[in-house]
Every structure is written in C-alpha cells, then in structure tokens.
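*Asks:* I'll drop the sequence and a predicted model, then ask my questions.
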Amino acid sequence: WFDSGDGLGTCTINNNFSKKTIISYYKNEINNPQSLSENAIFSLFEDSMHDIWIGTMSNGVNLLSFRGKKFNVLSKQIESTNSVTSNLINCIYEEEKYLWIGTESGLDRYDKQNKTYKHFIHNNNDPQSLKSNSIYVIKKISNGALWIGTWAGGINIYDYQKENFSHLYPNGKNTLNNENVFSIVQDNQNNIWIGTIGGGVNKYNLKTKTFQYYKKNKKNPNSIKTDFINDILVTKDDKTFIANYHFLEEYDKKTNGFKAYSISDSSSPTSPYNYINAIFEDSKQNLWVATDNGLEYFNRKQKTFTSYFKSNKSTNNAIAAIEEDAKGNLWLSSNYGIIRFINGINLPKNPEFHRFTQTDGIAGNESKKRAIFRNKSGILYIGSSQGLSYFNPDSISLNHSIPKIVITDFKLLTTSPNEFATYKPLAINPNAITAVDLTYQNSNFIIDFAALNYLHSENNLYKYQLEGYDSDWIDVGNQTASTTRKIRRLNP
C-alpha cells in the first residue's frame, strides 16, 4: 500500500516473474459516497484484522476492509444523467444487452456494454412516449415484446427499433379495463394475465387479441374476492394464482372461477397484517407468500399455510418480495433490509435467517414490493426506496471473526441506589489490573465494555454473566460501551 500522490495505491508483487506486477488505485469519486474521502493521504496503517486505515489531509480517516459484504448499489447521481432517474426502484428486468429499471420517475435502460443510461419519460406532446412515469412491472412475453405496467398509464409496449411505445389503455371495448397495472404474467396457452388495482384480473389472448375480465361479483361465489390485485403467478405446471390484498386465490379452468384461501390467525382474514404483497414458486414447486405479517408457505395439496418468518410485538417482518439462489436459499426483501433464508426450499424444521441492512452495504432498508429479479448468471437485483442493490448470493458470507473484548470502565455507586444514583469510575485503567477487591458496601457497580471491531460494529451481539450470581448468560443485544450494564445489588 502506498500514497500515490493522488489517491491510494496498491502494488501486488508476484514472486513468479512470469506474471506481471499488478498496480491499482483508489481515488475520490464525486458521486460515490463509499469512495476515498480525499486523494491527499498523510498516513496508512494495517490492523490485526488486515483492514487498512487511511488518514487524509483534511477529510478525516477512511477504513478499507475486505471483510465487508459484497453488495453493489445503483442510485441517482446528483448532476449526472448517466444514472437512474430516481432512487424509488419498483421493478427490474435484465436481458442480454440491457438492464431495465422501473422507477417512480420513469423507465431507465442501462446498456451493459457501453455503460450508459437512456431515460424514457412521459411527454404530453408525444403520443408514443410512456403514458405514466410510475413503472411497476416489466415483462418480456413470448413474441419478444416488452410490456411495461404502470400506475395511471396502463400497459406500455416497447418497440425496440423505433424506441417508442404503443399502449393498452382503458379507452374503449376489448381493451384494458383499468389503468393501474401491478402484475403481468404469461401462461402456456398464450394468455397474458394482468393484475390491476381496481379492475380485477384482465386476461389477454395473444392469438385472438381479445380480453376477458375477472371482477368481484357478489352473486357469483367463484368470482375473485376483490378487484385489487397485487401479484399473479403461473406455476411450472400451468396453475394460476393471484394475490389480492387479503387472499391467495387459485384459478379453476373447469369453472372459469377462483377458489380463495385466507391466512388464518387470531385476527380477521381481512386484517391488515394479512396483506399479501407477492407470491413465488421455488425450484421444488413450493409456493411462498410474502405478507405484511411475514413469510408463509402454502401447501398446495392440503391447502394450508405455515408461517416461517412472522412479525411479533418487537419486530415487524413485512416481506416485500421473494427469490431463490442457486443453492436453494430464499432471499426475502423486507421493510427492514434483505433476509437470507438458509435452505428454504427444503422447508427446514429449524429455519435459519440472516438479515442484511444498510450497514452491510445495501442501498436501503425499505424494499419495494415485488422489486426483485434474478438474472441468468444468478445475480440478484433488489429495489428499495433508496436505490438498487445487486449482488452474487455466493459472495455474501458472514463475519465469523470474534473481536477482542475490553472493559472500558468500572464504576462504583457513591450514593443511594435510586434514579438519581451517582457512579464514580476507578482512578485507573480497568484493563491495567487483574482483580478488584470490593467490600459489601460496594456491591452495586457498573461495567462498560466494547468489542474491538470497527466493521459494522453495531452488528456485534453481547452476553454477560456474573459468575456465582447469574445462573445463565444475560443477552444484551448490540449494546456497546456507550450503554452501561448495571449488575444487580449483591447480598453481603
């Protein structure tokens, strides 16, 4: 590692002279908050964890660690057109040449070869532009057309040659009956199932170019429960499921109707906690339901739900979307980060979950509903309210390095043990002594502690135990030296 005079440099010297020496540089990038804060470097230090500390001339200390999670982020860059137009990412689709990103401010097309963005937005003076800038679903259908579902703009069909759009919009007979589209999926009979917010389900046949509508009908028990459709799934065996606000519904070809299933709990089936956001089928044909109350597995044979990751009084585990990786883990985007469900496709009896948040490097903690996509290489894209995260699931490992624990302070009670109690620290460094002898009068004290780990230290979890007094370890979560741990008063 060396100061290049204009940033940080690293030189990899290979003892095998047949290979070239590799020199690379780290510099400040105006639109990248995770880059070097300044190019003028005054000092370098490598710690026991092999993290590199960089002291700059006037912009503080930087920490470079290769132990961090390998999440990548795309976000709106100030004063640059070569970025996404908005950090509100609603949907993602990738094809060979382009990455398509649907936002609340239009449709972005990223050219992977040229590394450039093209932006498509609504233009009142151009009837072949997008009808709405709020993009909620991007789907390429069997005839090669790219369908874009919007809020208040119906479906916009992209023309690759002309780079403009034709539209399916509620403006007459035999057309879309609602302008708000959240879901587009194709079945094996060349039907396009379209989920709308307010118009129920629209089914469009590609051969006949005709629409069929499924709406709520109180006189028909086989009709859908509501006209507000969040998601539609066609399974590998060509079964169609729809997710409305409170029910999972299965299409019956024989009756041309639907059978509804509710997620039963102590509350009403229409409780807001049963709100269904998305549905997903894994590689073993297990059906998963993302709800505002957690993750549910739907047994298709028994027609029952099993909760795998449920909210409780202290934690809200609202799930926004679901995807699978190459190893059979399920990835859940949520209202607080991204969650990995280890071996989820095998329905483990003792499920294991790992949560990753902004402190681990993802774009934002609040994920957008259904904003998830896995490409042919296994890369996952997840949209949030603060940008787009993308990563290779195989590269996301946990930090198993156990940091050294130190006692940062030891304080004795000097007054009566009440809410106005005063504690006085020892006059010496607590780490410089091996023992402290206390009289029964000093049975009330506080110990401050910290773990010497500077990489996402808020993720460190602590337990303590006073031997001879506590029968078990006391779990204090991620409390650090800034929060004291008070030992209860001991008997003389």
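*Replies:* Noted; the coordinates are in hand.
*Asks:* I'd say A421 and L413 touch.
*Replies:* Yes - assessed by Cβ atoms under 8 Å, A421 is found in contact with L413 at 5.9 Å. For every residue, glycine as well, the C-beta is placed using N, CA and C.
*Asks:* mutual contacts of those two, please.
*Replies:* Shared contacts of A421 and L413, defined by Cβ atoms under 8 Å, 6 or more residues apart in numbering, comprise N444.
*Asks:* and the pLDDT at the nearest residue to T291 once chain neighbours are set aside?
*Replies:* Distances taken as Cβ to Cβ, 6 or more residues apart in numbering place I276 nearest to T291, at 5.3 Å, with adjacent residues excluded. Looking at I276, its pLDDT stands at 96.
*Asks:* give me every residue that touches I276.
*Replies:* Listed by Cβ under 8 Å, 6+ apart, the contact partners of I276 are N230, D231, A243, N244, Y245, H246, F247, L248, I263, V289, A290, T291.
*Asks:* switch to 7 Å and redo it
*Replies:* Neighbouring residues of I276 by Cβ atoms under 7 Å, 6 or more residues apart in numbering: N230, A243, Y245, H246, L248, V289, T291.
*Asks:* let me see the backbone angles for it.
*Replies:* phi -90, psi 130 (degrees, to the nearest 10).
*Asks:* how many other residues sit next to K139?
*Replies:* Residues near K139, counting by other Cβ atoms under 10 Å, number 18.
*Asks:* just I405 next, same as before
*Replies:* Around I405 there are 13 other residues, counting by other Cβ under 10 Å.
*Asks:* dump the contacts of I276 to TSV, plus secondary structure.
*Replies:* Shown next, in TSV, are these (DSSP: H, G, I helix; E, B strand; the rest coil):
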residue	secondary structure
N230	strand
A243	strand
Y245	coil
H246	coil
L248	strand
V289	strand
T291	strand
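*Asks:* which two of these have the greatest separation?
*Replies:* Farthest apart among the contacts of I276 by Cβ to Cβ are Y245 and V289. That separation is 12.6 Å.
*Asks:* neighbour count: those two, which is higher?
*Replies:* In this comparison of Y245 against V289, neighbours counted by other Cβ under 10 Å, the higher total goes to V289 at 25 against 17.
*Asks:* how about the spatially closest residue to that one that is not a sequence neighbour, secondary structure?
*Replies:* Nearest residue to V289 in three dimensions, chain neighbours excluded: E296, at 4.2 Å (Cβ to Cβ, 6+ apart). Using three-state DSSP, the structure places E296 in strand.
*Asks:* for E296, give the beta-bridge partners.
*Replies:* Using DSSP bridges, the bridge partners assigned to E296 are V289, S307.
*Asks:* distance check, it against F280.
*Replies:* Look at E296 and F280: by Cβ to Cβ, to the nearest Å, they are 11 Å apart.
*Asks:* next: T116.
*Replies:* Noted for T116: a distance of 32 Å to F280, by Cβ to Cβ.
*Asks:* contacting residues around K411?
*Replies:* So K411 contacts Y423, K424, P425, F445, I446 (Cβ under 7 Å, 6+ apart).
*Asks:* picking up where we left off before, which of T116 and F280 has more neighbours?
*Replies:* Set side by side, T116 and F280 show more neighbours around F280, with 21 against 11, by other Cβ under 10 Å.
*Asks:* isn't that one up against L295?
*Replies:* No - using Cβ atoms under 7 Å, F280 and L295 do not qualify as a contacting pair, with a distance of 9.8 Å.
*Asks:* can you list residues touching both of the two?
*Replies:* By Cβ under 7 Å, 6+ apart, F280 and L295 have these common neighbours: W288.
*Asks:* hmm, back to that, now do the same contact list for the residue nearest to V289.
*Replies:* By Cβ under 7 Å, 6+ apart, the neighbours of E296 are I263, V289, F305, T306, S307.
*Asks:* to what extent is the fourth one buried, counted in neighbours?
*Replies:* What that stands for is T306. Residues lying near T306 (other Cβ under 10 Å) number 11.
*Asks:* find the nearest non-adjacent residue to it, please.
*Replies:* Y297 (4.5 Å).
*Asks:* ok, that neighbour - contacts?
*Replies:* N286, W288, F305, T306, Y308, L347.
*Asks:* ok, now I232?
*Replies:* Taking Cβ under 7 Å, 6+ apart, we find I232 in contact with S183, V185, W193, G195, T240, I242.
*Asks:* with only the CA atoms kept, save the helix or strand hosting the first one in PDB.
*Replies:* By that I understand S183. Assigned by DSSP states H and E, S183 belongs to strand 181-186. Extracted in PDB, the C-alpha atoms of strand 181-186 (Å, rounded to 0.1, in the frame of the first residue of the first chain):
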ATOM      1  CA  VAL A 181     -51.200  -2.400 -13.500                       C
ATOM      2  CA  PHE A 182     -49.100  -4.200 -10.900                       C
ATOM      3  CA  SER A 183     -48.600  -7.700 -12.500                       C
ATOM      4  CA  ILE A 184     -48.100  -9.200 -15.900                       C
ATOM      5  CA  VAL A 185     -47.500 -12.900 -16.500                       C
ATOM      6  CA  GLN A 186     -48.000 -15.400 -19.400                       C
END
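*Asks:* after that strand, which helix or strand is next? Please name it.
*Replies:* Next along the chain after strand 181-186, taking DSSP H and E as the criterion, comes strand 191-196.
*Asks:* can you tell me the strand partners of that following strand and which way each runs?
*Replies:* Paired strands of strand 191-196, with direction, are strand 181-186 (antiparallel), strand 201-205 (antiparallel) (DSSP bridges).
*Asks:* now do the SS call for I157.
*Replies:* What three-state DSSP gives for I157 is strand.
*Asks:* from P393, how far out is it?
*Replies:* I157 is 33 Å from P393, by Cβ to Cβ.
*Asks:* more neighbours, the two?
*Replies:* A count of neighbours by other Cβ under 10 Å puts P393 above the other of I157 and P393, at 17 against 14.
*Asks:* OK, contacts around the closest residue to the more buried one other than its chain neighbours?
*Replies:* The shortest distance from P393 to any non-neighbouring residue, by Cβ to Cβ, 6+ apart, is to D325 (3.9 Å). Residues counted as contacts of D325 (Cβ under 7 Å, 6+ apart) are W331, G378, P393.
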